[in-house]
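J.: any chance you can model this:
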Amino acid sequence: MAEQTLIQPSMVKESEKSQKAKGYLERARIYHERYLIRKDNSDLQDAIENYIDAVKYDPSIPETYYRLASLMWEQGQISINAAIEQCKTAVSLAPHNMNAHMYAGYFMQIADNYPEAIDEFKTAVKSGKLNSARPRLVLSQAIKQKIDNKSGSFKDYVSFLYYFISGSLMLAWDRPLLKMIYKKMEDDVSVFTYSTVGHYLEKFKLFDKAEGVYKHALTGTKHSQLFYDKIGDLALKNDEIDLCVDCYRKVLESNPLNREVLVKLATVLQTYFPENTTETIECYEKLLEFDIDTAAIYYELGHLYLRREDKINSVSAFKLALERDSENPYYNNSLAFAYAKAELYDDAIEHYQKAIALNPDNEWTSIVCQGLGSIYAEKQGNIPAAVATYQAGLILDPSNYDLYIALGDTYMAEYDLEMAIKSYCDAILAEPDNYRGYSKAGIALYENDFVEEALVSLHKAIELNPENAFAHNNLGIVYLDGMLDAEEALEYFEEAINLDPNYTLAYFNAGRASQKMGFTNDAANYYQMAIDLNKDSEELDEEDIMDRLRKLFEV
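T.: Predicted coordinates:
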């Protein structure tokens with residue numbers, strides 16, 4: 001009696017553990033079944049967690065091992081060899097368990113171990129007897145794969161036919177499979193109904209009603225992923241961008257590796273939320289895991305890193321894109337730009353030259369010539385190379401306004417006024433309504449002593465863009481120093497100051513004009529403002545301004 005009393009609590013404890021294990025196993029089966037129907041990642045996680053808990057409470061249940069192996073391998077948490085070992089554990093616990101042998105064979109087949117896989121499937125067929133439809137079918141596929149790999153014989157072909165036909169006929173006795181098929185069909189009908197109704201409502205522009213149908217489907221079916229995706233697409237059509245992003249995020253909460261939605265979310269974020277580079281980069285990094293279009297993904301990542309001023313990662317991303325597609329002109333151009341940002345100008349020149357040589361489109365290539373020319377002119381001081389590059393770009397695209405301006409600026413830097421004027425005039429011919437050409441031509445004309453022509457050009461620049469403080473200031477200079485008309489000049493300097501209150505040079509020039517007109521106090525105020533602003537801008541010689549200020553009050 002005493003012995004019985006000692007044993008009883010232990011037996012009760014083991015029974016409790018067994019009951020808990022069965023409870024976890026049942027929940028795991030439910031989540032596993034849901035996952036197979038709707039492919040929701042949250043169901044997959046719940047199934048794995050419950051299978052693991054079932055093993056903790058009762059390590060002797062074979063089902064937990066092979067089902068857990070299938071889910072963990074699918075999610076990439078274990079290797080194929082680890083999955084095989086898990087299934088072998090299940091087989092050792094239940095040597096006559098049909099499913100344990102079938103799963104073991106399945107993983108062996110994936111590992112290209114056909115002889116052992118076929119043996120396991122044949123054992124599963126023997127264990128299943130009349131319920132062996134599934135192992136017969138998978139065995140037939142394993143034999144077919146062996147035949148396809150040119151390692152099968154005529155006997156293997158006969159075996160394939162035998163197991164395929166017998167397995168197909170015996171499906172009628174496989175109740176678990178028929179139950180799953182019924183549930184899948186029921187679910188498919190429900191999804192089809194909601195999708196079809198919503199589609200036709202969208203066609204008739206009844207977007208609110210279509211959205212309502214999709215929202216009802218979120219609870220009416222087990223496919224929230226699908227219908228959040230549809231609501232997101234609909235929201236994008238209606239410019240409800242915040243709702244669109246929220247829906248795509250919900251899809252990815254259920255399935256973080258939904259490639260199609262990752263692409264959509266990355267595109268929407270990049271287009272409508274350019275400042276949200278962190279989440280967009282995360283989307284592209286997940287897309288890299290699929291190993292599809294990796295060159296294009298690295299290209300997009302490079303631009304995102306550029307937007308974040310992350311020079312090192314932008315260069316790395318564009319280089320990775322080029323490793324996969326070395327003859328892509330756009331990738332070469334972007335890498336060149338990233339190198340230029342990182343001040344690696346020799347590398348930038350190399351890739352700009354390659355992009356130009358590839359020349360996918362004359363208009364685009366002329367823009368690349370502008371980028372290369374600016375490095376020659378501004379960073380290396382190689383004016384002949386800059387001029388030659390700009391001219392090459394203009395041959396490709398004679399209407400490239402910015403190239404004419406850049407060429408004119410290069411000539412101006414060399415004080416080749418005639419060629420500068422010609423380049424600016426060519427720009428004006430290319431775009432007669434663009435104020436920049438007139439504004440720059442006006443300065444070049446004045447420097448070349450064409451005062452009247454400079455006035456005409458600068459007046460036209462202001463007519464086209466009255467908000468251009470730069471042109472107002474330069475027109476004032478022409479009136480003050482070229483026409484000796486201080487009164488007219490002061491009006492333009494004051495307007496330049498009105499348009500840009502931090503324009504140091506305009507205050508200085510207003511001081512000069514006021515001084516010439518005898519307005520001593522006004523001149524002093526303008527000079528003092530120029531001195532104060534110059535501390536930050538450092539545009540002018542402060543000693544020169546101070547000297548002018550002192551001379552105002554000399555007797």
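J.: quick check, pLDDT for residue 304.
T.: pLDDT recorded at residue 304 is 96.
J.: what helix or strand does it sit in?
T.: helix 294-307 (DSSP states H and E).
J.: contacts for that helix?
T.: With contact meaning C-beta atoms under 8 Å, 6 or more residues apart in numbering, helix 294-307 is reached by 266, 270, 274, 277, 280-281, 284-285, 287-288, 311, 313-315, 317-318, 320-322, 324-325, 328, 330-331, 334-335, 337-338, 341. (Each C-beta comes from the backbone N, C-alpha and C, glycine too.)
J.: mark which of those residues are buried, thanks.
T.: Taking 16 or more other C-beta atoms under 10 Å as the criterion, what is buried in the contacts of helix 294-307 is 266, 270, 277, 280-281, 284, 287, 311, 313-315, 317-318, 320-322, 328, 330-331, 334-335, 337-338.
J.: from the residues you listed, which land in helices?
T.: 266, 270, 277, 280-281, 284, 287, 311, 313-315, 317-318, 320-322, 330-331, 334-335, 337-338 (DSSP state H).
J.: give me the below-cutoff pLDDT ranges for this protein.
T.: Applying pLDDT under 70 to the chain flags the ranges 1-14, 36-40, 150-152, 167, 170-192, 555.
J.: strands along that one, start to end?
T.: With DSSP state E, there are no strands along the chain.
J.: domain assignment for it?
T.: Listed domain ranges for the chain are 17-178, 479-484+496-555 (source: automatic domain parsing).
J.: could I get those as JSON lines with distance to residue 305 and mean neighbour count?
T.: Converted to JSON lines, those look like this (distance: least, C-beta to C-beta, whole Å; neighbours: other C-beta atoms under 10 Å):
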{"stretch": "domain 17-178", "distance to residue 305": "27", "mean neighbour count": "18"}
{"stretch": "domain 479-484+496-555", "distance to residue 305": "31", "mean neighbour count": "17"}
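J.: can I get those domains in JSON lines including distance to residue 218?
T.: What follows is those, written out as JSON lines (distance: least, C-beta to C-beta, whole Å):
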{"stretch": "domain 17-178", "distance to residue 218": "12"}
{"stretch": "domain 479-484+496-555", "distance to residue 218": "55"}
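J.: circling back to that earlier point, the helix holding residue 304 vs helix 277-288, what angle?
T.: 170 degrees (axes from the mean of the first three to the mean of the last three C-alpha atoms, to 10 degrees).
J.: OK, contacts around residue 362?
T.: Here residue 362 is in contact with 396, 397 (C-beta under 8 Å, 6+ apart).
J.: how close does it sit to residue 395?
T.: Plainly put, residue 362 is 9 Å away from residue 395 if you go by C-beta to C-beta, to the nearest Å.
J.: same check, this time on residue 217
T.: To residue 395, residue 217 is 59 Å away according to C-beta to C-beta.
J.: pick out whichever of the two has more residues nearby.
T.: Under the neighbour definition other C-beta atoms under 10 Å, residue 217 and residue 395 were set side by side, and residue 217 has more, 23 against 10.
J.: contacting residues for the spatially closest residue to the more buried one that is not a sequence neighbour?
T.: Spatially, and ignoring its direct neighbours in sequence, residue 217 is nearest to residue 194 (3.8 Å; C-beta to C-beta, 6 or more residues apart in numbering). Contact partners of residue 194, counting by C-beta under 8 Å, 6+ apart, are 213, 214, 216, 217, 220, 221, 227.
J.: which of those fall within helices?
T.: Under the assignment DSSP H, the contacts of residue 194 contribute 213, 214, 216, 217, 220, 227 to helices.
J.: residues near the fifth one, how many?
T.: Using other C-beta under 10 Å, residue 220 has 14 other residues around it.
J.: that one and residue 46: what is the separation?
T.: Residue 220 is 21 Å from residue 46, by C-beta to C-beta.
J.: so what's the gap between stretch 260-272 and the chain middle?
T.: Centroid separation for stretch 260-272 versus its chain: 7 Å, with C-alpha atoms, centre = their mean, to the nearest Å.
J.: also stretch 318-337?
T.: The chain centroid and the centroid of stretch 318-337 are separated by 16 Å under C-alpha atoms, centre = their mean.
J.: and the end-to-end length of stretch 508-526?
T.: One end of stretch 508-526 to the other measures 6 Å (C-alpha to C-alpha, to the nearest Å).
J.: what does that stretch rub up against?
T.: 473, 476-477, 480, 486-487, 489-490, 493-494, 497, 507, 527, 530, 540, 545, 548-549, 552-553.
J.: what about these, which are in helices?
T.: Within the contacts of stretch 508-526, residues falling in helices by DSSP H are 473, 476-477, 486-487, 489-490, 493-494, 497, 507, 527, 530, 545, 548-549, 552.
J.: still on that earlier bit, Throw the ones in helices among the contacts of residue 194 into a markdown table and include distance to residue 126, thanks.
T.: Formatted as a markdown table, these follow (distance: C-beta to C-beta, whole Å):
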| residue | distance to residue 126 |
| --- | --- |
| 213 | 51 |
| 214 | 49 |
| 216 | 49 |
| 217 | 45 |
| 220 | 44 |
| 227 | 45 |
